[in-house]
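A.B. asks: please work out how this folds:
(one chain, ligands or ions: 1)
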Amino acid sequence: MFRTPAEKHSVLIFHGLGPPQRKLEPGEAPFWLGRDPFCALLDRIARMGADAPQITFDDGNASDIEIALPELAARGLSAAFFLLVGRLDHPGSLSQADVKALAEAGQTIGLHGHAHRDWRRLDPEGRQQEFREARRRLADLSGQPITLAAAPFGLYDRQVTKTLIAEGFEALYTSDWGRASGRRFLRPRNCIDATMDDRALSAALDGHVRLTRQPRRLLGLARKRLLPGGPAA
Ligand SMILES: [Zn+2]
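C.D. replies: Numbering: from 1, shown residues only. Predicted coordinates:
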């Protein structure tokens, strides 16, 4: 089962794998990874032992079950899959039955919401749909309690965090880079994309924030964590 250790640890985000089978969102293409680079990275992770980063997938693409699941299983690895309820059964995305199959294979199901929208901009009806209804649906389909959430596009603010805590979530996985601790509600992740060279991949596996990224990261974190409703990213 996917459980972030108390000691700080890198957590990776993957999106789609292989050729996309649906129309991509604007700017999404670089986040798709070929099967070969994905497998090479998994081999590397499998050799890292106790230092291995945790693995997560966002968006519920069909490649979660077609490529990720068998390749993880072949290496004895497990992951958390953050799913979008509004996309289930759509072409190129997971089906409802796939959610059950992932859970039965020992993978963890988490919430990415309903419609892939900015959680900072939700009205009460939106919060009901994105947090409560989507969560209930994933729990019903997977047979697992849904306690982990990942914010679409990595966008959150203090209000989003407060709401998820009030709803009883255990953690919010973000896209803020760095290392995550199982003791903290906010857990930064390191996003893998197809443009990364070996140095960038090594930094992500280690949860090391590269110097060029640091000033922007710190400013972004301060906005997201301190301001009541952070400005648009
Ligand atoms: Zn997403």
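
A.B. asks: for the residue nearest to the spatial centre of the chain, give me the pLDDT.
C.D. replies: Nearest to the mean C-alpha position of the chain, by C-alpha atoms, centre = their mean, lies residue 58 at 4.3 Å. Listed pLDDT for residue 58 reads 98.

A.B. asks: again, but for residue 213
C.D. replies: 68.

A.B. asks: residue boundaries of the strands in this protein?
C.D. replies: 9-14, 54-58, 80-84, 108-113, 148-150, 171-173, 179-180, 186-187, 190-191 (DSSP state E).

A.B. asks: neighbours of the nearest residue to residue 99 once chain neighbours are set aside, how many?
C.D. replies: Once flanking residues are discounted, residue 99 sits nearest to residue 141: 4.1 Å by C-beta to C-beta, 6 or more residues apart in numbering. C-beta here means a position set from N, CA and C on the backbone, and glycine is covered the same way. When neighbours are defined as other C-beta atoms under 10 Å, residue 141 has 22 of them.

A.B. asks: who touches the residue nearest to residue 170 when sequence neighbours are not counted in this structure?
C.D. replies: Taking C-beta to C-beta, 6+ apart, and ignoring the residues beside it in sequence, residue 170 has residue 147 as its nearest neighbour in space, at 4.1 Å. By C-beta atoms under 8 Å, 6 or more residues apart in numbering, the contact list for residue 147 reads 110, 168, 169, 170, 171.

A.B. asks: ok, the residue nearest to residue 30 when sequence neighbours are not counted - how many residues close by?
C.D. replies: Sequence neighbours aside, residue 193 is the residue nearest to residue 30 in space, at 4.8 Å (criterion: C-beta to C-beta, 6+ apart). By other C-beta under 10 Å, 16 other residues sit near residue 193.

A.B. asks: packing partners of the lowest-mean-pLDDT helix or strand in the chain?
C.D. replies: None of the helices or strands of the chain scores lower by mean pLDDT, DSSP states H and E than helix 214-226, at a mean of 71. When contacts are defined as 3 or more C-beta pairs under 8 Å, 6 or more residues apart in numbering; DSSP states H and E, helix 214-226 sits against helix 158-166.

A.B. asks: got the residues of this protein near the ion?
C.D. replies: 58, 59, 152 (C-beta under 5 Å from the ion).

A.B. asks: pretty sure the second one contacts residue 16?
C.D. replies: Spelled out, that is residue 59. Yes. Residue 59 is within contact range of residue 16, at 7.0 Å (criterion: C-beta atoms under 8 Å).

A.B. asks: the protein: helices as residue ranges?
C.D. replies: Ranges of helices in the chain, per DSSP state H, are 35-47, 63, 69-74, 96-104, 124-127, 134-142, 158-166, 198-206, 214-226.

A.B. asks: list the contacts of the fifth one.
C.D. replies: Outside helix 124-127, the residues within contact range by C-beta under 8 Å, 6+ apart are 117, 163.

A.B. asks: re earlier: dump the residue contacts of the residue nearest to residue 99.
C.D. replies: Contacts for residue 141 (C-beta under 8 Å, 6+ apart) come out as 88, 96, 99, 100, 103, 109.

A.B. asks: in CSV: the residues you listed, plus pLDDT and neighbour count.
C.D. replies: Shown next, in CSV, are the contacts of residue 141 (pLDDT from 0 to 100; neighbours: other C-beta atoms under 10 Å):
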residue, pLDDT, neighbour count
88, 98, 20
96, 98, 14
99, 98, 26
100, 98, 16
103, 98, 18
109, 98, 24
